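A.B. asks: Any chance you can model this:
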Amino acid sequence: MTQPPKSSTAPPGPASGSGLPTMPGIPPQPTSTGSPASPAPAGEPPRRTAFAEGVDRVRAAATTEPGRLRIIGAVLALLVVSFGAVTAWQATDRASAADDVLHKSQPLSSAAADIYRSLADANTAASSGFLAGGQETKTSRDRYERGIRTAAAKLVTAANNSDPGSPSAATIAELNRLLPQYKGLIERARANNRQGYPLGGAYLRYANDTMQNEMLPAAEDLYKSENERLRGDYADATPYPWAAIALGIVALAALAWAQHRNYRRTNRVLNHGLVAAGAATTVVLLWLVVGHSVARAGLNDSYDHGVRSLNVLHDARIASLKARGNENLTLVSRGAETVEVKPGEFQDKFDVAYKESMQDLAEGLTAAQSLADDRSGEQPVRSAVGNMDEWQDRHQQARAADDAGDYQAALNKVIGAKSDKPTGECFDNVDKNLDTALKHEQREFQQAAGDGLDAMTGLSAGAAAPAVLGAAGAVLGIGRRLSEYR
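C.D. replies: Now for the predicted structure:
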């Protein structure tokens, strides 16, 4: 029997070079040559993202009451926990700023003022001792040394609390450089003065120029810088925590809505879990608003009746020190340096500076009287005003004697014995009364700022526990309803 002839046509084979067979009705597979896969057949939907599938699941769950309850519970818990977290954050931030006001920036501001005052006091004492000639009194010498030691100690304190590389640190370094130079000039002035050399007066005036033109302006810059930091701390401590308050109100509104929804669907007046959550949220919100209001009132009071008064009194005390130093230097220079006050009219440079400083003192005492809020703060300022008026009267007598050529009478009227009724006695009384007023205002500041800080104590930590309890209450309250569907 003959065999059927073989077909001359080869059966369908794989794609070129693939080595894989193909079956009828099955599309060829992609090859290893890296050619792109063919697009999905028409009509097949594109693959969906996980987010889109999650949204679909939430929508599907929201079509049933158990699903809706789960979503409501999660949202309520998130709102209450977020409220507690934001409350703790903002309360901590403001409490930290209030603590800086009380324990850091205000004390540093006062220390900067003390640096200025101590330098000016030392300069005044040095000029007073110079006027006494070779018989410098122990009192003036001790006062000079005390001023220098105080300034040096306060500079160390300020350096330890300043930020490296800050303008304050640079100012402190400059003062530390100038202080030994100034002391050297004063010692040269004293040495020449003891021997009766006129060169002593030149050294004293040079030392005074160094103090007035370099050291005191630098100390003033430091004082202003620390005051600016103090104002910044107040600005951080006093604003209301609006974000936390708004979130608390939203959380309470959501809890009230959930409670009302529960009543409409079940006719049950209260859901214990939601009630507990609402109570915890209300406690934290009231604590936040009332506590911060009390703290804000205390801090504002400490600024209005503490910091402002302290700044004015510091400025007045510095003005009195400048006036006293210039009064002494008027007798030291004896007209050697003059300034033109009007066209063609010249006056002693230091007497003109004395009058300007006395004007600053008068304005400072007037402002301090208006800021004093009790008799204990007002009385020493009023006494200082009387001392200042007497000082000016005695100064006029000293100037009249000096202009008449009686230098010794003028000198006795400035640094003489108590029987001479010198201006130095008036200056000492002004300084003593201002020191009393400063101590009183410092206590007022510490009391008010301390009350403000105490009102914030525990709020940041106390907000966390009620918030957690509130979130748990919301979840348990919704869980109670979910159990009814099982």
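
A.B. asks: mind checking how far the residue most central in space within the chain is from residue 222?
C.D. replies: What sits nearest the mean C-alpha location of the chain, by CA atoms, centre = their mean, is residue 233, with 2.1 Å. Remark: distance between residue 233 and residue 222 (CB to CB, to the nearest Å) = 17 Å. For the C-beta atoms, the positions are set from N, CA and C on the backbone; glycine is no exception.

A.B. asks: could you pull out the strands for the chain?
C.D. replies: 338-342, 345-348 (DSSP state E).

A.B. asks: Compare the mean pLDDT across these and name the weakest.
C.D. replies: The minimum mean pLDDT among those belongs to strand 338-342 (a mean of 75).

A.B. asks: Return that one as CSV; C-alpha atoms alone will do.
C.D. replies: What follows is strand 338-342, C-alpha atoms only, in CSV (Å, rounded to 0.1, in the frame of the first residue of the first chain):
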residue,chain,number,x,y,z
THR,A,338,34.1,123.6,75.3
VAL,A,339,31.3,123.1,72.9
GLU,A,340,29.4,125.7,70.8
VAL,A,341,25.8,125.8,72.1
LYS,A,342,24.8,128.8,69.9
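
A.B. asks: residue contacts, residue 118?
C.D. replies: 147-148, 150-151, 154 (CB atoms under 8 Å, 6 or more residues apart in numbering).

A.B. asks: On the pLDDT front, check it for me.
C.D. replies: Note for residue 118: predicted pLDDT of 92.

A.B. asks: same question, residue 43
C.D. replies: Confidence for residue 43, expressed as pLDDT, is 56.

A.B. asks: What of residue 192?
C.D. replies: So, for residue 192, pLDDT stands at 86.

A.B. asks: Give me the nearest residue to it, chain neighbours excluded.
C.D. replies: The shortest distance from residue 192 to any non-neighbouring residue, by CB to CB, 6 or more residues apart in numbering, is to residue 200 (3.4 Å).

A.B. asks: out of the strands of the chain, deepest packed?
C.D. replies: Highest mean neighbour count among the strands of the chain (mean count of other CB atoms under 10 Å): strand 345-348, with a mean of 14.

A.B. asks: picking that back up, what's the burial count for the residue nearest to residue 192?
C.D. replies: Neighbours of residue 200 under the rule other CB atoms under 10 Å: 21.

A.B. asks: Let me see the contact set for the residue nearest to the centre of the chain.
C.D. replies: Residue 233 sits next to 97-98, 100-101, 104-105 when contact means CB under 8 Å, 6+ apart.

A.B. asks: Then residue 368?
C.D. replies: The contact partners of residue 368, taken as CB under 8 Å, 6+ apart, are 309, 312-313, 316, 381, 437.

A.B. asks: As TSV, these with distance to residue 186, pLDDT and neighbour count would be great.
C.D. replies: Below are the contacts of residue 368 laid out as TSV (distance: CB to CB, whole Å; pLDDT from 0 to 100; neighbours: other CB atoms under 10 Å):
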residue	distance to residue 186	pLDDT	neighbour count
309	34	91	26
312	31	93	23
313	28	93	30
316	26	93	26
381	33	95	27
437	30	94	29
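
A.B. asks: Can you read off the pLDDT for the closest residue in space to residue 167 that isn't next to it in sequence?
C.D. replies: Spatial nearest neighbour of residue 167, chain neighbours left out: residue 225 (6.0 Å); criterion: CB to CB, 6+ apart. If you check residue 225, the pLDDT there is 87.

A.B. asks: ditto for residue 479
C.D. replies: 64.

A.B. asks: Could you list the buried residues of stretch 241-261?
C.D. replies: Within stretch 241-261, the residues scored as buried using 16 or more other CB atoms under 10 Å are 241, 244-245, 247-248, 251-252, 254-255, 258-259, 261.

A.B. asks: Extract the C-alpha set from that stretch and format it as CSV.
C.D. replies: Provided in CSV are the C-alpha atoms of stretch 241-261 (Å, rounded to 0.1, in the frame of the first residue of the first chain):
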residue,chain,number,x,y,z
PRO,A,241,-3.3,79.0,71.4
TRP,A,242,-5.9,79.5,68.7
ALA,A,243,-5.1,76.2,66.9
ALA,A,244,-5.8,74.1,70.0
ILE,A,245,-8.9,76.1,70.9
ALA,A,246,-10.3,75.7,67.4
LEU,A,247,-9.6,72.0,67.3
GLY,A,248,-11.2,71.5,70.7
ILE,A,249,-14.4,73.3,69.6
VAL,A,250,-14.5,71.1,66.4
ALA,A,251,-14.0,67.9,68.5
LEU,A,252,-16.8,69.0,70.9
ALA,A,253,-19.1,69.8,68.0
ALA,A,254,-18.4,66.4,66.4
LEU,A,255,-19.1,64.6,69.7
ALA,A,256,-22.4,66.5,70.1
TRP,A,257,-23.4,65.6,66.6
ALA,A,258,-22.6,61.9,67.2
GLN,A,259,-24.6,61.9,70.4
HIS,A,260,-27.6,63.5,68.7
ARG,A,261,-27.4,61.0,65.8
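
A.B. asks: what is the rounded mean pLDDT of it?
C.D. replies: Confidence for stretch 241-261, expressed as mean pLDDT, is 88.

A.B. asks: cool, and stretch 416-436?
C.D. replies: 91.

A.B. asks: what sits up against that stretch?
C.D. replies: Contacts of stretch 416-436 (CB under 8 Å, 6+ apart): 128, 313, 316-317, 320-321, 323-324, 327, 361, 380-381, 383-384, 387-388, 390-391, 394-395, 398, 412-415.

A.B. asks: For the residue nearest to the centre of the chain, give me the pLDDT.
C.D. replies: Note for residue 233: predicted pLDDT of 90.

A.B. asks: Many thanks, we can stop here.
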